[in-house]
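1. the following block contains a protein sequence and its predicted model.
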Amino acid sequence: MNLSFYESIARIPLGAAVTVEFCGPLLVALVGSRRWSDGLWAAMAGTGVALLASSTGSELDPGGVALAGLAGAFWVGYILLSKQTGSRFDARRGLTIAMVTGAFALLPAGLVQGGGRLFSWYVLGLGAAVALLSSVVPYWLELLALRRVTPRAFGVMLSLDPAVAALAGFLVLGQRPGARELAAMALVVVANVGNSFAGRPAVPAAP
């Protein structure tokens, strides 16, 4: 999931990538529902993604959009598998097993691309920092938050991810989303907020 996401943001702006990826957990929340309002949220999110997809010819790289969609699909797998993991292990042990397994699974790809440079102190330190800031710390904070807020409140906060990502891309990376991208992000955010207020359960956040 992270590999697909990182490859995506190497090609398209951060906000756009998170917007496309975020449709994965929204799909999980909507599957099986028979309420007409959930169909409305799904249509709204789909319209947002369609807006982004329609701009791939001129503004967004199609490969980056596809990779963000792949990350969203892996996010769906994470949600489904984390439920099984949580029933077999406590949170810290399950997270540790998942992180170690993921590291070994992606080690061949890292060796092919980076070779011996992968084991330099600089790369190892940078990789450890990324792992802490993108997975370990967010997961830990998520667990603390879930113990203190309602699922609805957590879902609303999680729904703001595309907007926060766009803001971070603007402030840190100097990425300026166009009107179409902003409209797409707004549609996906509103769809997720509406879905959360409708009483659907919150889903785990991506690392």
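-> Received, thanks. Quantities reported herein were computed from a predicted structural model and do not represent experimental measurements.
2. C-alpha from now on. contacts and neighbour counts both.
-> Noted.
3. now do the contacts for E21.
-> Neighbour list for E21: 5, 68-73, 75 [criterion: CA atoms under 8 Å, 6 or more residues apart in numbering].
4. nope, L111 is what I meant
-> Taking CA under 8 Å, 6+ apart as the test, what L111 contacts is L118.
5. ok, now R117?
-> V123.
6. quick check: it vs L3, distance?
-> 18 Å (CA to CA, to the nearest Å).
7. follow-up on the earlier one: just give me the least confident of the contacts of E21.
-> Lowest pLDDT within these is found at W75 (83).
8. packing partners of the helix ranked longest in the chain?
-> The single longest helix within the chain, with elements called by DSSP state H, is helix 62-88. For helix 62-88, the packing partners by 3 or more CA pairs under 8 Å, 6 or more residues apart in numbering; DSSP states H and E come out as helix 2-9, helix 14-21, helix 23-30.
9. enumerate the positions of that helix that are buried.
-> Using 16 or more other CA atoms under 10 Å as the test for burial, helix 62-88 gives 62, 64-76, 78-79, 82, 85.
10. how many neighbours does R93 have?
-> By other CA atoms under 10 Å, the residues close to R93 number 13.
11. make that A145, sorry
-> 14.
12. secondary structure element for it?
-> Taking DSSP states H and E as the criterion, A145 maps to helix 137-146.
13. check which residues of that helix are buried.
-> For helix 137-146, the neighbour count (16+ other CA under 10 Å) marks 139, 142 as buried.
14. next one: that helix to chain centre, how far?
-> How far helix 137-146 lies from its chain's middle: 15 Å, per CA atoms, centre = their mean, to the nearest Å.
15. now it - C-alpha only, CSV.
-> The C-alpha trace of helix 137-146 is given here as CSV (Å, rounded to 0.1, in the frame of the first residue of the first chain):
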residue,chain,number,x,y,z
VAL,A,137,3.5,7.1,15.1
PRO,A,138,0.3,7.6,13.1
TYR,A,139,-0.9,4.1,14.0
TRP,A,140,-0.1,4.7,17.7
LEU,A,141,-2.0,8.0,17.7
GLU,A,142,-4.9,6.4,15.9
LEU,A,143,-5.2,3.8,18.6
LEU,A,144,-5.2,6.5,21.3
ALA,A,145,-7.8,8.6,19.4
LEU,A,146,-10.1,5.6,18.9
